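Peer 1: The following block contains a protein sequence and its predicted model.
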Amino acid sequence: MSNKPIKMNKLRQIIRLYSQGIGTKRIHAMVSTSRNTIKKYIRIWQTLGIGYEEFNAKSDSDLAIIFTTPVARISSAPRMQILQTLLPDYCKRLKKKGVTRESLHEEYVKKHPDGYSRSHFNNAIMVYLQLSRSVMHIEHKAGDK
């Protein structure tokens, strides 16, 4: 996976400054974020094809989904849609003894000869598992409970 995503208020500030015509070097100086990170988020914003007003109207959770979820950038090719429908079953079967990603990929290729290679197949499984695993950080004082 890539770097840790930035906070949404910083993302809003980057897009606001860029839409005002300020260059990435000056934004870097103002926001204290890497220029490559700034360019990455600007590139994603430009591919969305929405204006600043529409961008600013979105909630933080919508922006987090759009800008940090790898699935948002996965192609919508028919092959990927077929694989996406098969992933829940494959991931459930992966938990069983003796089932490997290699065996699942061989089965997938037999059913879909024009399907993805092993590396893309494994990457799709990894992304699916990361998105389906729920994690929450709870603040507490040690020994309080």
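Peer 2: Received it, and whenever you're ready, just let me know what you need.
Peer 1: drop to CA atoms for contacts and neighbour counts, all remaining ones
Peer 2: Will do.
Peer 1: How many residues are close by the closest residue to residue 105 other than its chain neighbours?
Peer 2: Counting by CA to CA, 6 or more residues apart in numbering, residue 118 is the residue found nearest to residue 105 once chain neighbours are left out, at 6.4 Å. Neighbour count of residue 118, defined by other CA atoms under 10 Å: 16.
Peer 1: same question, residue 89
Peer 2: Neighbours of residue 89 (other CA under 10 Å): 10.
Peer 1: buried ones in the helix or strand in which it is found?
Peer 2: If you go by DSSP states H and E, residue 89 is part of helix 78-94. Counting neighbours by 16 or more other CA atoms under 10 Å, one finds that the buried residues in helix 78-94 are 80, 83, 87, 90, 91, 94.
Peer 1: What of stretch 124-140?
Peer 2: 124, 125, 128.
Peer 1: Filter these down to the ones in helices?
Peer 2: Judged by DSSP state H, helices contain the following of these: 124, 125, 128.
Peer 1: could these go into CSV alongside pLDDT and distance to residue 54?
Peer 2: Below are these laid out as CSV (pLDDT from 0 to 100; distance: CA to CA, whole Å):
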residue, pLDDT, distance to residue 54
124, 89, 31
125, 91, 33
128, 85, 29
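Peer 1: ok, and what's touching the least confident helix or strand in the chain by mean pLDDT?
Peer 2: Of all helical and strand segments in the chain, the minimum by mean pLDDT, DSSP states H and E falls on helix 60-68, at a mean of 77. Applying CA atoms under 8 Å, 6 or more residues apart in numbering, the contact partners of helix 60-68 are 5, 8, 41, 44, 72.
Peer 1: Turn the buried residues of stretch 124-140 into CSV, including distance to residue 134.
Peer 2: Compiled in CSV, the buried residues of stretch 124-140 are given as follows (distance: CA to CA, whole Å):
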residue, distance to residue 134
124, 18
125, 16
128, 12
